[in-house]
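Asks: Fold the following for me, if possible:
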Amino acid sequence: MSVAGAAVRKKSRAAPGVAPDPEALLVWYDRHRRHLPWRSAPGEAADPYHIWLSEIMLQQTTVKAVGPYYAKFLARWPDVGRLAAAPLDDVLKAWAGLGYYARARNLHACAKAVAGEHGGRFPDDEEGLRALPGIGAYTAAAIAAIAFGRRAVAIDGNIERVIARLFAVETQLPAAKLEIRAHAETLVPQQRAGDFTQAMMDLGATICSPKSPACGICPWIAVCSARARGDAETFPRKAPKVEGRMRYGASFVVTRADGHVLVRSRPEKGLLGGMTEVPSTAWAHELENALAQAPLKAKWRKLAGVVEHGFTHFPLQQTVYAASVPAKTKAPAGMRWVSLADLHGEALPNVMRKVVAHAGLAARPERKRG
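Replies: A predicted model of the protein is given here:
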């Protein structure tokens with residue numbers, strides 16, 4: 001017996017009665033499947049490019065938020081070859097507001113790899129897919145199953161929750177991941193693996209929700225251990241969340257008399273890599289001598305209030321300084337002037353959209369994503 005299998009046997013309760021039947025879930029899916037723009041109709045072959053594009057966008061983002069971005073990308077770059085040929089800056093601009101910007105850089109790098117090294121065709125198995133930029137274990141399994149019908153075990157947050165409840169997995173995440181995978185491997189059918197994967201996603205998104213799950217209409221109600229115990233909402237077990245320590249920074253919004261604003265591009269590697277920002281200090285646990293780091297000499301005004309933003313690992317408070325300079329002022333090295341009319345089209349991450357909005361400029365923050 002494998003280590004994961006032994007852990008499952010030791011730490012998890014067996015489902016009451018009989019084991020979950022994959023066919024019961026597929027019958028439910030055929031009746032209640034969500035209609036999503038990247039899904040093929042029943043009986044139609046899935047487009048690997050569509051599945052890959054949607055899966056990358058859906059990482060850390062809701063289906064509702066992804067919909068407009070997916071449509072925009074597909075209209076502008078209808079196949080992987082055209083996306084590969086696009087300038088990275090254009091891809092980053094189209095992505096702006098969707099968050100987690102490393103995904104956009106990896107998306108572009110992956111498109112170039114598929115177009116240049118694989119003749120424009122995605123590898124059809126997990127191993128080949130995982131060798132591509134930006135494709136991890138879950139994404140590779142999801143693409144292999146949905147686009148190519150491979151019997152692959154794809155486990156996202158929704159599926160993780162479904163499995164943890166079905167088998168009442170007591171171990172806390174992330175330590176529970178091996179147990180959850182071992183259980184999931186017993187459920188994936190030989191046929192319709194892609195439909196089964198999407199059915200699991202839909203079950204978690206629409207019925208087996210984090211709070212107030214609709215157990216009464218679940219196709220697996222009779223075999224769910226957490227339902228039998230009456231504590232489904234407590235699964236999956238999670239370790240207490242540790243919040244990152246607050247960081248502080250300052251941004252400098254410089255407007256020129258002829259209607260331009262000073263910006264620069266962040267380094268390609270690192271947080272928000274390649275995105276556009278107004279000149280800013282580093283984000284540190286203490287902010288000292290902010291004005292000494294201003295990009296040029298000017299009559300700086302410290303604006304009232306602060307801009308607050310939450311990143312995955314830390315919260316941020318950003319002080320904003322504003323200044324106006326003559327029309328002939330040259331941009332410092334590594335920076336550039338952008339017309340205020342064109343500012344909304346820059347690849348501004350949400351934190352910078354908040355900053356320029358705080359300064360009263362046109363590029364306002366995107367609405368909050370789920």
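
Asks: Tell me which stretches of the chain form strands.
Replies: Taking DSSP state E as the criterion, the chain carries its strands at 247-256, 260-265, 276-277, 301-302, 307-310, 315-325, 335-339.

Asks: so where is this structure shaky, pLDDT-wise?
Replies: For the chain, residues meeting the criterion pLDDT under 70 lie at 1-18, 242, 362-370.

Asks: Alpha carbons only: can I get stretch 309-319 in PDB?
Replies: C-alpha atoms of stretch 309-319 as PDB (Å, rounded to 0.1, in the frame of the first residue of the first chain):
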ATOM      1  CA  HIS A 309      -4.200  47.200  -0.900                       C
ATOM      2  CA  GLY A 310      -3.900  43.500   0.000                       C
ATOM      3  CA  PHE A 311      -1.500  41.100  -1.700                       C
ATOM      4  CA  THR A 312      -1.500  37.400  -1.200                       C
ATOM      5  CA  HIS A 313       1.200  37.500   1.500                       C
ATOM      6  CA  PHE A 314       1.000  41.000   3.000                       C
ATOM      7  CA  PRO A 315      -1.200  44.100   3.300                       C
ATOM      8  CA  LEU A 316       0.100  47.400   2.000                       C
ATOM      9  CA  GLN A 317      -0.400  51.000   2.900                       C
ATOM     10  CA  GLN A 318       0.700  53.500   0.300                       C
ATOM     11  CA  THR A 319       1.300  57.200   0.900                       C
END
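
Asks: which residues are contacting it?
Replies: 60, 100, 243-251, 271, 280, 283, 287, 290, 302-303, 306-308, 350-351, 354-355 (C-beta atoms under 8 Å, 6 or more residues apart in numbering). Bear in mind the C-beta positions are built from the backbone N, C-alpha and C, glycine included.

Asks: The same query, at a cut-off of 7 Å, please.
Replies: Outside stretch 309-319, the residues that touch it by C-beta atoms under 7 Å, 6 or more residues apart in numbering are 244-251, 283, 287, 290, 302, 306-308, 350-351, 354-355.

Asks: ditto for stretch 226-238
Replies: 16, 160-161, 164-165, 168-173, 176, 211, 213, 215, 221.

Asks: Looking at these, which are in helices?
Replies: Among the contacts of stretch 226-238, the ones falling in helices (DSSP state H) are 160-161, 164-165.

Asks: hang on, the earlier thing: tell me which two of the contacts of stretch 226-238 sit farthest apart.
Replies: Longest distance between any two of these is 25.2 Å, between Gln172 and Ile221; criterion C-beta to C-beta.

Asks: Number of residues surrounding the residue nearest to Ala257 when sequence neighbours are not counted?
Replies: Leaving aside its sequence neighbours, Ala257 sits nearest to Ala327 (C-beta to C-beta, 6 or more residues apart in numbering; 4.2 Å). Neighbour count of Ala327, defined by other C-beta atoms under 10 Å: 10.

Asks: I figured Ala327 was touching Asp258, is that so?
Replies: Yes. Counting by C-beta atoms under 7 Å, Asp258 is a contact partner of Ala327 at 4.0 Å.

Asks: Which of the contacts of stretch 226-238 sits closest to Arg31?
Replies: Nearest to Arg31 among these is Ile221, at 15.7 Å by C-beta to C-beta.

Asks: what about the helices in the chain?
Replies: Ranges of helices in the chain, per DSSP H, are 3-11, 22-32, 48-58, 63-76, 80-85, 88-95, 102-117, 126-130, 137-148, 157-166, 177-185, 193-206, 225-229, 350-358.

Asks: Let me have the ones you listed in TSV, extended by distance to Val338 and mean neighbour count.
Replies: As requested, the helices of the chain are exported to TSV (distance: least, C-beta to C-beta, whole Å; neighbours: other C-beta atoms under 10 Å):
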stretch	distance to Val338	mean neighbour count
helix 3-11	53	14
helix 22-32	48	16
helix 48-58	26	22
helix 63-76	21	16
helix 80-85	25	17
helix 88-95	12	18
helix 102-117	20	19
helix 126-130	38	18
helix 137-148	34	24
helix 157-166	38	24
helix 177-185	44	20
helix 193-206	39	22
helix 225-229	53	19
helix 350-358	11	23
